[in-house]
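Enquirer: What follows is a predicted structure for the sequence shown.
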Amino acid sequence: MLNYRIIAVIKRELREKLMSKAFIIMTLLMPVIMFGFIGLQALMVSFQGDKGTKIEIITETRDLTEECKESFNKLPFVEDGSWTLTYNTVSGKELKGYIDTKKGELLSKKLTGIIFIPQKALEDKGVEYYAKTPNKMTISLKMNGPINKILIDRYFRGKALTDQELTFVRKSVEFNNFKVTKEDKIEKQALGNIVLAFVFAFLLYMSLIMSGSMTMTAVIEEKTSKVVEVLLSSVSSKELMTGKVLGTSITFLAQMIIWLLPLIVLMSTSLIALPDKFKFDIGYGHLIYFLCNFFLGLVIYQGLFSMVGSMFNAPQEAQQGVFPLMLLIIIPFFISFSMINNPDNIIAVIASYIPFATIIVMPCRFTLVDMPIIYPLISCVINIATLILIFPIAGKIYRVGILRTGTKPTLREVIKWVNAKE
């Protein structure tokens, strides 16, 4: 139970963290960093870096070569000079010998690659690419469509199809997703919930690691500077740890609420309209669950990071002890990304009910999958059970470790601390 000594420690933690310049700066900068990270990732994906590409297009017939030349030279990246395309006609039997004559240019990268379009491609659409580095995705991505257009045009030539019919044949299938619920209405599903799931996973990942590292460092500093001995003259180790964990958790919960304010504003007003493509479908229940789940996750990991910090005398020593805790955060973070392709994949479903993993995985599933509220509540119960189980153990290790100096403790010693009677 909370008493005035624990409340005093909580107030101390809030003064030191919530009102610190570093906390305020990080609270303001984190959204900038997050969207900068997303923007950088999008830039890296969109950046082709293929200017100066030189490709030789080879076919087995002169008329197909001329048709490729006429069509490909109108491509934007060829017209602006980013790519240089040359053309030749070589039979399939002579191709190997021709490649040998071009080997010097290919190996020196004077020639990026050779694309061979055989006659049988009109039947199986099989195209060959020869290069020193043949696994460049930009080549296949940019040339797939134009080559496919040539093959389709030749395949249907003479079959009395109109240009409109040919355009339809070339066109890819476009999926429009509609969400079916128990209610009568059926709504078109946009990308908003996928973006939100990514944002939630990223915020949980960053906050848990950042808050845990901060707590561990603070515990080590208090231990090495002997401040903890002064504090323990007024409060017990259990009260000190409880106050520190709750104070830090409240601090980062406040930070998370600040980060979610733009989302709350979007949900509360119709004055700001998102593009149809990015509209999301969540309610206040999602946010309440997310914050409750986040707070439970904070308390669990603050206890664990405090425990690790109490065992060591320097942050460098603590790295080996903190590595398992980092894995407990990193692995669920990667699992949450797998749900972008399939939110119902079996790994994600199982992980959403596993202690520690459920802290990150379940909020993402709840955002992507329409499920009864009972399942997120089960996740909260699992988190509470995890907290009840690990907190006494962490408290015992913290009680002994916080006053212990000298060599690093062995695993056998730590087990003795846990089994020791208070």
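Expert: In hand now; what should we look at? Numbers count the residues shown, from 1 in each chain.

Enquirer: all strands for this structure, in order.
Expert: 53-59, 83-89, 113-117, 128-130, 178-180, 186-188 (DSSP state E).

Enquirer: Turn these into CSV, including mean neighbour count and distance to residue 314.
Expert: C-betas here are computed from N, CA, C, even on glycine. Putting those into CSV (neighbours: other CB atoms under 10 Å; distance: least, CB to CB, whole Å) gives the following:
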stretch, mean neighbour count, distance to residue 314
strand 53-59, 21, 52
strand 83-89, 16, 55
strand 113-117, 21, 53
strand 128-130, 16, 54
strand 178-180, 10, 53
strand 186-188, 11, 55
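
Enquirer: how about the nearest residue to residue 312 once chain neighbours are set aside, what does it touch?
Expert: Among residues not flanking residue 312 along the chain, residue 318 sits closest, at 4.2 Å (CB to CB, 6 or more residues apart in numbering). If a contact means CB atoms under 8 Å, 6 or more residues apart in numbering, then residue 318 has 216, 220, 308-309, 311-312 as its contacts.

Enquirer: coming back round to it: now render the strands of the chain as a markdown table, adding distance to residue 165.
Expert: Rendered in a markdown table, the data for those read as follows (distance: least, CB to CB, whole Å):
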| stretch | distance to residue 165 |
| --- | --- |
| strand 53-59 | 25 |
| strand 83-89 | 28 |
| strand 113-117 | 23 |
| strand 128-130 | 30 |
| strand 178-180 | 28 |
| strand 186-188 | 28 |
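
Enquirer: Could you list the low-pLDDT ranges of the chain?
Expert: Low-confidence segments of the chain (pLDDT under 70): 1, 30-31, 33-49, 172-192, 268-280, 421-422.

Enquirer: if you set the cut-off to 50 instead, what comes out?
Expert: For the chain, applying pLDDT under 50 flags no range at all.

Enquirer: how close does the residue nearest the centre of the chain sit to residue 361?
Expert: With distances taken as CA atoms, centre = their mean, the residue of the chain nearest its centroid is residue 337 (5.3 Å). Distance of residue 337 to residue 361, given as CB to CB, to the nearest Å: 10 Å.

Enquirer: one step back: can you tell me which of the contacts of residue 318 is closest to residue 355?
Expert: Comparing those against residue 355 with CB to CB places residue 308 closest, at 17.7 Å.

Enquirer: Thought residue 217 was touching that closest one, still the case?
Expert: No. Judged on CB atoms under 8 Å, residue 308 makes no contact with residue 217 at a distance of 10.7 Å.

Enquirer: of all the strands of the chain, which lies closest to residue 235?
Expert: Evaluated with CB to CB, the strands of the chain place strand 178-180 nearest to residue 235, the distance being 52.3 Å.

Enquirer: Number of residues surrounding residue 96?
Expert: By other CB atoms under 10 Å, the residues close to residue 96 number 10.

Enquirer: Can you say which of the strands of the chain is nearest to residue 155?
Expert: strand 113-117 (12.9 Å).

Enquirer: list the helices and strands the closest one packs on?
Expert: strand 53-59, strand 128-130, helix 137-156 (3 or more CB pairs under 8 Å, 6 or more residues apart in numbering; DSSP states H and E).

Enquirer: Adding distance to residue 326, write these out as TSV.
Expert: What follows is those, written out as TSV (distance: least, CB to CB, whole Å):
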stretch	distance to residue 326
strand 53-59	41
strand 128-130	41
helix 137-156	32
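
Enquirer: Which stretches in the stretch 1-150 of the chain count as helices?
Expert: 4-17, 21-46, 62-72, 76-79, 95-101, 103-108, 121-124, 137-156 (DSSP state H, counting those that start in this stretch).

Enquirer: which other residues reach the last one?
Expert: Under the criterion CB under 8 Å, 6+ apart, residues 48-50, 53, 55, 64, 67-68, 71-72, 75, 77, 83, 112-113, 115, 117, 121-122, 125, 127, 129, 131, 166, 169-170 lie in contact with helix 137-156.

Enquirer: And the fourth one, by the same measure?
Expert: Under the contact criterion CB under 8 Å, 6+ apart, helix 76-79 has outside partners 72-73, 83-85, 142.

Enquirer: Perfect, that will be all.
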